[in-house]
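Chemist: the following block contains a protein sequence and its predicted model.
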Amino acid sequence: MTVTKTEAPVTTASNQPHGEGEPAGSARSERLSALIQQHGALAVLVIVSLVASFSFDSFATGDNVSNMATSSAFLAIVALGMTFVIITGGIDLSVGSLFALGGVLAAWGSRYGTLVALLLPLAVCGLIGVVNGLLVARSRLAPFIVTLAAMLGARGLLLAVTDEGAETFLIGKGSLLAELGQGTTLGLGNPVWITLALFVAGAVVLRRTRFGQHVYAVGGNEDAAALMGAPVARTKILVYTLSGLLAGLAGALNAAWLASGVTILGNGMELEAISAVVIGGTLLTGGLGYVSGSLVGVLLLKVIQNVINQIGSLDSSYQQVVSGAFLAVVVIAQTWLGRRRQLM
């Protein structure tokens, strides 16, 4: 009797079925793409800061770092609200005007006490945010048009309060509001600590609450979110309200820092906030974003501005050129990474 010995086929790289080894590679590529999108701006910030520290003696000094942190705080608060809006797939062009309006209202209300100075800009700017949200969510109007109208309306209200910009309201020295904006704690300005607290709260809300899940769901696919039972309209109203509130708060803190309500502030701030949010890894199309990334984006813009000031021979307008170029690179990179994920 003859016994036939059957050997198991040996699988080699040449005869392995096509695609069998791809899942692991695809997963690694996807993780790498996500890592670049989430932390790419942080890596650039670290590199730029290290190069600037070795190139300029005054860059890494305590005073310069403190000044950069304080000046970044106001834009960061505005960018925090913008992050929520952009994750839902929207946009808010009114935040620059609301920032200026909040500062003027805080300075005007300071004559009646610190509580009025803080609540008045929050109430007015928050109300404008509610109107923006209602028009976007209920009337289904384009966020660009709605918030553009709000930007013009808020700027007009600002001019009406200040008599066409002829009157500047001052905040008394030694007041609680002035201390809130100009005081320091552990070597950093009070606005910096307020900003950090807001970002911690924002990260918790966005990542650990049902509302945060709804924000991502609405931005990812609005129709699918509605089918899953997510309150799409309410979520949109809340994020625009939050954006208005934070813009008003940032304006009030900035007025406290400057001890006056300056009417010319806030021009173009909405574009800076959008740039910082997108540079930080939030997709303009919605559905993906990071609160921490927005903070890194703000810091990167401010560091670039500070480096240009340190050079001295360059005009401040170059900061806008560099920021615009960097934003273009980030958007192109986001588009490329998004296409790679779709192909995986």
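Modeler: Thanks, I have it.
Chemist: okay, buried residues for stretch 248-259 please.
Modeler: Gly248, Leu249, Ala250, Gly251, Ala252, Leu253, Asn254, Ala255, Ala256, Trp257, Leu258, Ala259 (16 or more other Cβ atoms under 10 Å). Using the backbone N, CA and C atoms, a C-beta is placed for each residue, glycine as well.
Chemist: how about the nearest residue to Phe144 once chain neighbours are set aside, secondary structure?
Modeler: Nearest non-adjacent residue to Phe144, counting by Cβ to Cβ, 6 or more residues apart in numbering: Ile91, 5.8 Å away. Here Ile91 is coil, with the state taken from DSSP: H, G, I helix; E, B strand; the rest coil.
Chemist: what pLDDT is listed against Ile91?
Modeler: pLDDT recorded at Ile91 is 96.
Chemist: which phi and psi does it have?
Modeler: Here is the backbone geometry of Ile91 (degrees, to the nearest 10): phi -150, psi 150.
Chemist: that one and Gly81 touch, don't they?
Modeler: No - taking Cβ atoms under 8 Å as the definition, Ile91 is not a contact partner of Gly81, at 11.9 Å.
Chemist: now stretch 124-139: buried residues?
Modeler: Within stretch 124-139, the residues that count as buried by 16+ other Cβ under 10 Å are 124-126, 128-137.
Chemist: and what of stretch 262-278?
Modeler: Buried residues in stretch 262-278, counted by 16+ other Cβ under 10 Å: 262-263, 265-266, 269-278.
Chemist: again with stretch 151-162
Modeler: Met151, Ala154, Arg155, Leu157, Leu158, Val161, Thr162.
Chemist: in CSV: those, plus secondary structure, distance to Ala197 and pLDDT.
Modeler: CSV is the format used below for the buried residues of stretch 151-162 (DSSP: H, G, I helix; E, B strand; the rest coil; distance: Cβ to Cβ, whole Å; pLDDT from 0 to 100):
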residue, secondary structure, distance to Ala197, pLDDT
Met151, helix, 28, 96
Ala154, helix, 26, 95
Arg155, helix, 29, 93
Leu157, helix, 29, 94
Leu158, helix, 28, 93
Val161, helix, 29, 91
Thr162, coil, 31, 89
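Chemist: which regions of the stretch 151-300 of the chain sit below the pLDDT cut-off?
Modeler: For the stretch 151-300 of the chain, no stretch is flagged by pLDDT under 70.
Chemist: so where do the strands sit in it?
Modeler: For the stretch 151-300 of the chain, the strands defined by DSSP state E, counting those that start in this stretch occupy 184-185, 188-189.
Chemist: burial-wise, tell me which of these comes out on top.
Modeler: Compared across these, strand 188-189 shows the largest average neighbour count, a mean of 20 (mean count of other Cβ atoms under 10 Å).
Chemist: out of the buried residues of stretch 124-139, which comes closest to Asn67?
Modeler: Of all the buried residues of stretch 124-139, Asn67 sits closest to Cys125, with 26.3 Å by Cβ to Cβ.
Chemist: tell me which other helices or strands the host helix or strand of that closest one touches.
Modeler: Counting by DSSP states H and E, the element that carries Cys125 is helix 114-137. Other helices and strands packing on helix 114-137, by 3 or more Cβ pairs under 8 Å, 6 or more residues apart in numbering; DSSP states H and E, are helix 95-109, helix 143-161, helix 176-182, helix 232-258.
Chemist: for Phe59, find the nearest of those helices.
Modeler: Comparing the helices and strands packed on helix 114-137 by Cβ to Cβ, helix 232-258 comes nearest, at 22.1 Å.
Chemist: contacts for stretch 43-54?
Modeler: Phe59, Ala60, Val296, Leu299, Leu300, Val303, Ile304, Asn306, Val307, Gln310 (Cβ atoms under 8 Å, 6 or more residues apart in numbering).
Chemist: centroid-nearest residue for this structure?
Modeler: Ala79 (2.8 Å; Cα atoms, centre = their mean).
Chemist: quick one: mean pLDDT for the helix or strand containing it?
Modeler: Using DSSP H and E, Ala79 sits in helix 62-87. The pLDDT scores in helix 62-87 average 94.
Chemist: neighbours around Ala226, how many?
Modeler: Number of residues near Ala226 (other Cβ atoms under 10 Å) recorded here: 14.
Chemist: the residue lying closest to it once chain neighbours are set aside and Val146: what is the separation?
Modeler: Leaving aside its chain neighbours, Ala226 sits nearest to Val232 (5.1 Å; criterion: Cβ to Cβ, 6+ apart). The spacing between Val232 and Val146, counted by Cβ to Cβ, to the nearest Å, is 16 Å.
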